[in-house]
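Asks: Just the structure for this:
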Amino acid sequence: MCTMMLYLSCKKDEVASPDFQNTKITINKPVINAILKHDDVLVIDGIITSDVSMHGYEILLHDNTNNTSISIINKHTHGKEIIIEQFHKIQCTKPTAYTLEIIAIINHDTLKLSEKIKFTCT
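Replies: Below is the predicted model of the structure:
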């Protein structure tokens, strides 16, 4: 019963057709083409803004060298402004190309927007 109430309270905040032009993901860190070393801490700093109340975000780390991906975090939170501050230890035993992807979850159906940034580990 309690779960159903939470779901319904989330659904009522959604709008029929949010405008992607008014949702923006800004990645401050890492910077484009940053170079990290094995065991460095990847600092992920960003902000997601929208004119509608969003429902969270997910951060994915894509290993472009091996064609694999991991989810660093999948956070359910509400707001028109979501501040991201995450840390992830990088483990690379050889030079590796990465893509960091931040996905804004705009509603509970499937409406999402993402932003990517590339960096390497040597």
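
Asks: Enumerate every residue touching the most centrally placed residue in the chain.
Replies: With distances taken as Cα atoms, centre = their mean, residue 102 lies nearest the centre of the chain, 2.5 Å away. Residues near residue 102 by Cβ atoms under 8 Å, 6 or more residues apart in numbering: 25, 27, 44, 46, 48, 57, 58, 59, 84, 114, 115, 116. (Glycine included, C-beta is placed from N, CA and C.)

Asks: quick one: the second one and residue 101 touch, right?
Replies: No. Assessed by Cβ atoms under 8 Å, residue 27 is found out of contact with residue 101, at 9.5 Å.

Asks: Now list whatever residues contact both of these two.
Replies: residue 115.

Asks: Check which element follows the helix or strand of the chain with the lowest mean pLDDT along the chain.
Replies: One helix or strand of the chain scores below all others by mean pLDDT, DSSP states H and E: helix 2-11, with a mean of 43. Next along the chain after helix 2-11, taking DSSP states H and E as the criterion, comes strand 24-29.

Asks: And that next one, what's buried?
Replies: Buried residues in strand 24-29, counted by 16 or more other Cβ atoms under 10 Å: 25, 27, 29.

Asks: host element of residue 116?
Replies: Per DSSP H and E, residue 116 falls inside strand 112-121.

Asks: So which elements touch that strand?
Replies: Applying 3 or more Cβ pairs under 8 Å, 6 or more residues apart in numbering; DSSP states H and E, we find strand 112-121 packed against strand 24-29, strand 34-36, strand 96-105.

Asks: Need the CA coordinates for it. CSV is fine.
Replies: The C-alpha trace of strand 112-121 is given here as CSV (Å, rounded to 0.1, in the frame of the first residue of the first chain):
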residue,chain,number,x,y,z
LYS,A,112,15.7,10.4,-20.6
LEU,A,113,18.4,12.8,-21.7
SER,A,114,22.2,12.1,-21.6
GLU,A,115,25.5,13.9,-21.9
LYS,A,116,28.9,12.3,-22.4
ILE,A,117,32.5,13.2,-21.9
LYS,A,118,35.6,11.3,-22.9
PHE,A,119,38.8,10.8,-20.9
THR,A,120,41.7,8.3,-20.8
CYS,A,121,43.6,6.4,-18.2
